[in-house]
Structure formats: structure tokens, C-alpha cells
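Student: Got a sequence here, can you model it:
(chains A and B)
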Amino acid sequence: MLVVGLIVYPIYRAVWLSFTDKLVGYPERFVGLRNYIYLANDDAFHAVVRNSLVFTVSSVALKILTGLGMALVLHATWRWRNFFRGLMLLPWISSTVIIALTWRWMFDSFPGRGFFNSVLLDVGLLSRPVAFMATPEGAMMAVVIANWWRGFPFFGVSYLAGMQSIPGELYEAASVDGAGSWRRFWYVTLPGLKHVIIVTTLLTFIFTINDFNIIYVMTRGGPGTATQVFATYSYEVAFNQLRWGRGVTISIFAVPLLVVGIALVSRYLLRERAA
Amino acid sequence: MRDRRLSRRNFLATAVGTSAALALPGVAAPQIKKGASLRLWILKTYVEPTNKAVEAAAQRWAQKHGAQVTVEYFTFEDMQTKYVAAIENKNTPDVGQLETGAPARFTGMGQLLDLTSFARQVEGEIGKAPANVAPVTVIGGKTYAIPWYIMPAFWYVWRDEFEKKKVKLPTTFEEAKAAAAVLNRPNENFYGLGQSWNRTADGYGVMQSLMYSYGVGWANKDGKYQSIKNAKMQTVMKWATDIYKEGIQPADTLSWTGSQNNEAFIAKKIAQTSNGPSITFALENALAKATDAKDKKMREEAVANHVALPHPGGPDGRRCWGLALSFGVFKSAKDPEAAMSLIAHLLSPEETVKVMNESHGQFSPVLDKARAATRDYFGKNENYRNFGRAAEWFVATGWPGPVTAAAAEVQASNVLTDAPAKVIVDKWSVDQAIDWADKKIKETYDTLGT
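Tutor: Next up, the predicted model:
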């Protein structure tokens, strides 16, 4: 009962606030769907939805690909495997703020400081620093890379665990049937990882679409509104503009989409298990 | 602004104010209960010695009165978050240092005590704040906070760069842009200017200074919305966007999110930038810490070579948006008289001078006697003389009207800096961006009123 209360009450409260004009310091007043209608017509919010999807889909896609690569490499038998298994987890266990600051420094165009610019200038590939984070595309790329770097070990470790649970006989049988490494990967490894891939993708999609730290530290949603996402815009509206009702509405706008996604995936997994 | 509990609160506040007036024959000798315990929230600035000096001043009051003061800090970054959380959780401090828009916002929320009677006493003892600063703390004819100091921006330039090219030090935004074009040396990674339209006071503060100096305000004298769709705003936006189009700034300027303009200026990568006196602090601090003779000489030259000019003006005058810091007493205060006694102590000329001496020019007191006591300090060189004059050019959010909750929200919504960013980043036309900003501002006033 306590657990249900701890989960249900905050959700109920958030949903309720989204139907009110709650301003900080004032009692809330029920306004129905006014916040939702406002956001549906708000061009800044449209940009936020677009940015959130670009940020999330790009980050998750990168994490899936590199996570798979990491798992395949670490699954193979080689000498320093255990050392690298530990090493690859470093991004995941580091503080997000430190990671964001580090990537900000790496993309910095301040002469003599930004890592990429310093290297490119030193080897003579550039004559002037490139302002990676000054354009919408560059800033989005920077935050996507930082988020990807932070999260890909989770995929790698999950896939590795999944690979280790695939019976070796399946690979042996495939080899006997003449399957090369690519066909073994395609017909044995990937189907064996299907459930892990679906679950990790769904979980990371949820974490990423709600990400705040990396973007806030690296760009504050800028330049302009080029990297403003649900969490940063919600924070700005709730804490700077003091409009809690609207701020909460921004943060729960994506919830129905996520709930539908979770329901579909859960149904699919349960059906597979039953079969 | 709506406040359903206003009449009861007003009654209580007036009662407290009146009792304070009766109990306090002079602000220097308040009657407070032994063992009073207060929570004081103050702004933690980049100038660490100032923070320590304020804390020491509070502790001297505690010692003198056998009381206890717990000093808690907020920063520029978490100022809103901390106050918002405290208000919603009913955990506000007894005394809070408030930024420019806070007295209007918090009074509207019914959070602050009416300090009108206490303010009159302070005025009698320490003097008034200048006419352009005092209204920040007066809402609906009542005083809800006592002004302490202002922290304005100045136009930092490297003197030698101007002298080398025989360029006059700028007094207007147009001169600053023209000078930037002459001083610009992109091939050497040295640029004429560094002005970001970001989500910090370095962005929205300068945008307001620019607008107000060109005579553009989104509110009228009564604090009511007025359109910014006019020729003056077009000129403002042209300046704000041309500095990007003309290549007179580092390419990443728009992505600066905090102290990057300080760093770029101190590293001598830009010739001009708008900033508070924290640049002077950084240079003076580096000089104080320099050990070997060569380093010391270099630091001395940097200190002598950097100039903090008054912020540029425009065709309508010189108006510089700044932070006006004041003290308010929250209605949650268990001992309002002790809270007022602490404020009186902190505002006294003796304590003010002690704090100011540790501020590297960042702390420009506003009350008459405190200002008079600071003349020697601000007379020490050209930069400090300008710091001392900061109040002359100060204007608050929502000029020419009073600071209102709606005006504060316009600033907080970043619409002022997002407008030029739309032109620079999204390639909107200036008129399109002005229309967009005007619509957003009007919406704010329509929902919040004044």
C-alpha cells in the first residue's frame, strides 16, 4: 500500500497540477486543458518536441550500435578482456555533471583550451578554431555525443549478459551448417538478444527523453532554443517563470506516448514468453 | 496579482510594522529578545571575500545581541530554485537577500512583511536610496524590502588595444560596434567584442540596457504592456544581430553560458565585453597571488590596462540594467523585530564599508550615508570611480515602469535574448523576431496583468 501510495500520489499530483494554473506561492485553480492547449499552440514547445525527439532517437541509436560493438568485443576471448570490461564501465559510473563539463571543454573553441580544436589546430588541419557549439546542429551533436558516451556502457553490459546466456550449442550448430561469423551474428546472436535490446532501448528512451543535466550544463538549451528539451524547458517555465502548472504539463506531455510504448512492449514480451 | 489572503496578511504586517516602529527608537538600537535565532539567506558571488565579509557582519550582530544567525547561501544559478522550493515548502528564511524582481514577485505571493515603518526609520538613520533604485522595493505604495547595494555591469575594454589603433573609448553602443570592427583581428584569434545573448544576466541584462538606452520598453510608466513593434526596437535588434553577422565576435559567442566572456576578456581574446566587476576581482586577485617578479609585472600591467567604462548609452541616454539587492523579511519569520535589527546592522555605514572593502568594486551601496562613507574607497582609480557611480545609470526590469511580476517574467522567459537568437540562429528576419517577442510579452501581461 505504501509503495502504491509513493508511486501513485506524485503521479496524481503532477497530473492534477497540469490541469491547474498553479503559480509559485499561489493556490492552484482548475483550468481544465488550458495548459495543454497553450502548449499545443506554442512554437517554443513545438521546437522542444522536435529537439527532444532528435536528441533521444539519435542518442539511443548510437548507444544501440556501440553497445552491440562493445558487447561483441568483450564477449570474445582475449587476454585483457576483464580489464576492458571494467574500463568500459567508467563513463556509466562517472558523475553526469562532470561528464557534461568535460565534453563542453572538449568541444570548446576557446583557443588553447578546447580539446578537438587544439588537436586540429596543432596538426595543421585548421587555421582557426571551429565553434562546434555555436550552431544548432553543432550544439545538438555535442549534447547527443555526451549523452551517448554516458550511456553506451549500459547497453554494452546488458548485451554482454544477454550474449552469455545464449547456449554455445546454437553457435556450434550454425558453424556445422556452414554459417560464417556474420550469419552467426544475424541468425543466432541478434535473435538471442531481441528481448534485451527491446527492454534496454525502451528504458534508455525514457531516461534520455527526460535527460536534464547534460543539456543544462552544456548549452542551457541554446544557442537560442536549439537544444531546449522537455526537462530543460519544464525547469525554465516552472522555476524561472514560476508557472508550475505549465511546467509540469511540459514534463508530462510525453507520458502518454511513453505509456503506450511501455504497454505495447510489455504485451509483446509477455506474448512471446507465453508462446 | 492575486492574493486571496492579502487582507489578513496586510493587517498582520501593518501590526508588526507598527510595533517595530514603536519598539525601535532608532535602527541602531533595536529591542530584541535574548536568544533570538535567525536564518539569513545571502547571495554567494564569485567574489569570495565579499561572501565572507557579509557572513562576518551577520555574526557580529549575533554576538552583540546574544542571538544566533544561520547564514545560508544561494548563487546566481540556483537563486530562483531555492526561493521557489522554500516558498512552496513553507520553509522561507527569516531574512532574505532579494534580487531586483524578487520584492515584486514575492510580495504578490504574500510572502514578505510590509516594512514601510521600518523603511522610514532606516531612511532617517542611514538615508534614502536614489530615486531610480528605491522603487524596486516599493509595491503598491508600500515598502517590502530595504535596498542595500547594486551590482551593475560595466563595459570592460583593454586600453592598449584602443590606443594602438587610436580608437576612442566607446560611450555608446554604436561606438562600441564601430571600435570592434577596427580592433578585430580574427587571423590572430582576437576579436573586437564578446557579447552573448544567452540565458544569464550577461545576456538578458545587456539586452535590457540596449533596449532602454534606445528608449524601448515593453511596459509603460504605469507598468502596463506596450508594444515593442517600432522603429527603435528595429535599431536595437539590428545592433544585437549585426555584431554576429559582421564577424567581430568569436564564432562561439552565442554558446557562452556563464563566465566565458570573463575568460575570453582576461585571456585577451576580445577587446570589449559587458560584465560586473568580477573581472576586476579576477585580475586583482591574480596580482595578489603572483609570486615571481615577471608574473607580478605582467599582472600589474593587466590591472592597469583594463578599463571598466560606464555601460554604453544610446540615442535616448545611458541606462544600465543591474541587480538591485535588498533585504526582505518573510512572513514566516518567528521574530520579525530581530530580523529588522539584523537588517539595520547590515545596512549601517560601518558594516557596509567593511563588506564593500572586500568586494573589489562589486558592491555599490545605495543608501545616502553608506554612499558617503564609501567615497574614499571608490576614489582610488578610474575604474573604481565608475563603480561608485553605478547607481546613476541603474534601471530596473520593466523600465520605464515599476518592476512588476509580469516584467520579471518577461526577463525570466528569455524572450528578450531568444529574439536576436532567432535572427542569428534560425535566420528569421528582424521584424519576424520582434513580432514573435511582442506576442510573447503581451501574452505574459494578459495572464499576469501588472
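
Student: The closest residue to chain B within chain A is in what secondary structure piece?
Tutor: Here chain A gets closest to chain B at one residue, A:G25, 2.7 Å apart by C-beta to the nearest C-beta. To be clear about C-beta, it is placed using only N, CA and C from the backbone, and glycine gets the same treatment. Counting by DSSP states H and E, there is no helix or strand that carries A:G25.

Student: how many other residues sit next to it?
Tutor: For A:G25, the count of nearby residues is 22 (other C-beta atoms under 10 Å in any protein chain shown).

Student: Spatially nearest residue to it (excluding sequence neighbours)?
Tutor: Using C-beta to C-beta, 6 or more residues apart in numbering or on different chains and skipping the chain neighbours, the partner closest in space to A:G25 is B:M109 (2.7 Å).

Student: Look at that neighbour and say how many residues are nearby.
Tutor: 20.

Student: For B:K440, give me its contacts.
Tutor: B:S413, B:V415 (C-beta atoms under 8 Å, 6 or more residues apart in numbering or on different chains).

Student: Per-residue pLDDT of it, please?
Tutor: Looking at B:K440, its pLDDT stands at 93.

Student: just B:F327 next, same as before
Tutor: 97.

Student: wait, is it part of a helix?
Tutor: No: B:F327: not assigned to a helix; according to DSSP: H, G, I helix; E, B strand; the rest coil it is strand.

Student: what sits against it?
Tutor: B:F327 neighbours (C-beta under 8 Å, 6+ apart): B:V95, B:G96, B:Q97, B:L98, B:A145, B:I146, B:W148, B:I343, B:L346, B:L347.

Student: In helices, which of those appear?
Tutor: Taking DSSP state H, the ones among the contacts of B:F327 that sit in helices are B:I343, B:L346, B:L347.

Student: and which of those is nearest chain A?
Tutor: For the ones in helices among the contacts of B:F327, the nearest to chain A is B:I343 (21.9 Å; C-beta to the nearest C-beta).

Student: which residues in the stretch 301-450 of chain B form helices?
Tutor: Along the stretch 301-450 of chain B, counting by DSSP state H, counting those that start in this stretch, helices occupy B:336-347, B:349-357, B:368-373, B:375-378, B:382-388, B:390-393, B:405-412, B:415-424, B:430-448.

Student: Tell me which of those helices sits nearest to B:N187.
Tutor: helix B:415-424 (22.8 Å; C-beta to C-beta).

Student: element containing B:L38, please.
Tutor: Element membership of B:L38, judged by DSSP H and E, is strand B:37-44.

Student: quick one: the helix or strand just after that strand to chain centroid distance?
Tutor: Going down the chain from strand B:37-44, the next helix or strand is helix B:48-65, by DSSP H and E. Mean-position distance between helix B:48-65 and its chain equals 22 Å (C-alpha atoms, centre = their mean, to the nearest Å).

Student: do stretch A:144-159 as well
Tutor: Worked out by C-alpha atoms, centre = their mean, stretch A:144-159 lies 9 Å from the chain centre.

Student: B:Q195: neighbouring residues, count only.
Tutor: 29.

Student: my guess is it is in a strand, correct?
Tutor: No: B:Q195: not assigned to a strand; according to three-state DSSP it is coil.

Student: That one and B:R319, how far apart?
Tutor: Per C-beta to C-beta, to the nearest Å, B:Q195 is found 17 Å from B:R319.

Student: And for B:F154?
Tutor: 14 Å.

Student: what's the answer for A:L72, then?
Tutor: 63 Å.

Student: follow-up on the earlier one: help me confirm that the residue nearest to A:G25 comes into contact with B:E88.
Tutor: No: B:M109 is beyond contact range of B:E88, at 10.1 Å (criterion: C-beta atoms under 8 Å).

Student: who touches both of those two?
Tutor: With C-beta under 8 Å, 6+ apart, B:M109 and B:E88 have common neighbours A:V24, A:G25.

Student: Mind listing what's buried along stretch B:242-262?
Tutor: Residues of stretch B:242-262 classed as buried by neighbour count (16 or more other C-beta atoms under 10 Å in any protein chain shown): B:242-244, B:248-257, B:259-262.

Student: swap in stretch A:103-123?
Tutor: A:W103, A:R104, A:M106, A:F107, A:D108, A:S109, A:F110, A:P111, A:G114, A:N117, A:S118, A:L121.
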